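Novice: Provide a 3D model corresponding to the input given below.
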Amino acid sequence: MNHHAKYRITQDVLASKGKRFLNFIIDYIILYLLSFALGIAIALISELTGSYELYEFIALNDNFWVSYILGMFIWLFYYTLIETFTKGRTIGKYITKTTVVLFDGSKPTINEILIRSLCRLIPFEQFSFLGQDAKGWHDSLSKTYVVDVEKFEAKRATMNELNEIGKIGVD
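Specialist: The predicted model follows:
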């Protein structure tokens, strides 16, 4: 008989609205800096190669849609890459000591991360986490949770200890 209790994410380990908002602000600043750095890189490459087509298309094109689409690619690239390679953390999440997990506490796969990232492109999505449970559309649609690392680890350690105690009587 299996006496292992299955771990489930509960409300008490979720990151607060304040931490979620701070994650957004920090990551937004990082995205702005990345966009600025990309612009400088394109200008330098254009200057060094003498080929100004890309620079003119991006920098001199006052087209809203060109800027919007380029921004969305940077946004998608940042969140997908960083949350995939750090197993659920952006720079903002490192600073606020939060992370992304699945309902059972496991790390998200690239599929869940990609869904999270794509959902961030939904207009006004950034404000969706301000609801009652501080859960954004990018969380709900990807079935992921942003948790406070310290609370999450403490609760998981307690669950593991209880499982070990439960095994003593079974063996």
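
Novice: what residues are up against Ser128?
Specialist: 136-138 (CB atoms under 8 Å, 6 or more residues apart in numbering). Backbone N, C-alpha and C define where each C-beta goes, glycine included.

Novice: redo the residues you listed as TSV? Include neighbour count.
Specialist: Formatted as TSV, those follow (neighbours: other CB atoms under 10 Å):
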residue	neighbour count
Gly136	24
Trp137	18
His138	23
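
Novice: and those, which is closest to Phe77?
Specialist: His138 (15.5 Å; CB to CB).

Novice: right, and the closest one touches Gln126 too?
Specialist: No. If you go by CB atoms under 8 Å, His138 and Gln126 don't touch, sitting 9.2 Å apart.

Novice: spatially nearest residue to Gly136, not counting backbone neighbours?
Specialist: Phe129 (3.6 Å; CB to CB, 6 or more residues apart in numbering).

Novice: residues in contact with Leu130?
Specialist: Counting by CB under 8 Å, 6+ apart, Leu130 touches 17, 21.

Novice: report the separation between it and Ile122.
Specialist: 15 Å (CB to CB, to the nearest Å).

Novice: still on that earlier bit, mind checking pLDDT for the residue nearest to Gly136?
Specialist: Among the per-residue scores, Phe129 holds a pLDDT of 72.

Novice: is it correct that it falls within a strand?
Specialist: No. Going by DSSP: H, G, I helix; E, B strand; the rest coil, the assignment for Phe129 is helix, not a strand.

Novice: give me phi/psi at Leu102?
Specialist: phi -90, psi 180 (degrees, to the nearest 10).

Novice: nearest residue to it in space, please, no chain neighbours.
Specialist: Spatial nearest neighbour of Leu102, chain neighbours left out: Pro108 (5.7 Å); criterion: CB to CB, 6+ apart.

Novice: can you name the next helix or strand after the longest helix along the chain?
Specialist: Assignment by DSSP state H gives helix 17-49 as the longest helix of the chain. As assigned by DSSP states H and E, the chain's next helix or strand after helix 17-49 is helix 53-59.

Novice: looking at it, Ser46 is touching Phe57, isn't it?
Specialist: No. With contact defined as CB under 8 Å, Ser46 does not reach Phe57; the gap is 10.3 Å.

Novice: what about the two, which has more around it?
Specialist: Using other CB atoms under 10 Å as the criterion, Ser46 and Phe57 rank with Ser46 on top: 17 against 13.

Novice: chain neighbours aside, what residue packs nearest to the more buried one?
Specialist: Tyr55 (3.8 Å).

Novice: what's the overlap in contacts for His138 and Gln126?
Specialist: Arg120.

Novice: can you tell me how far the residue nearest to Leu102 sits from Tyr68?
Specialist: Counting by CB to CB, the gap from Pro108 to Tyr68 is 27 Å.
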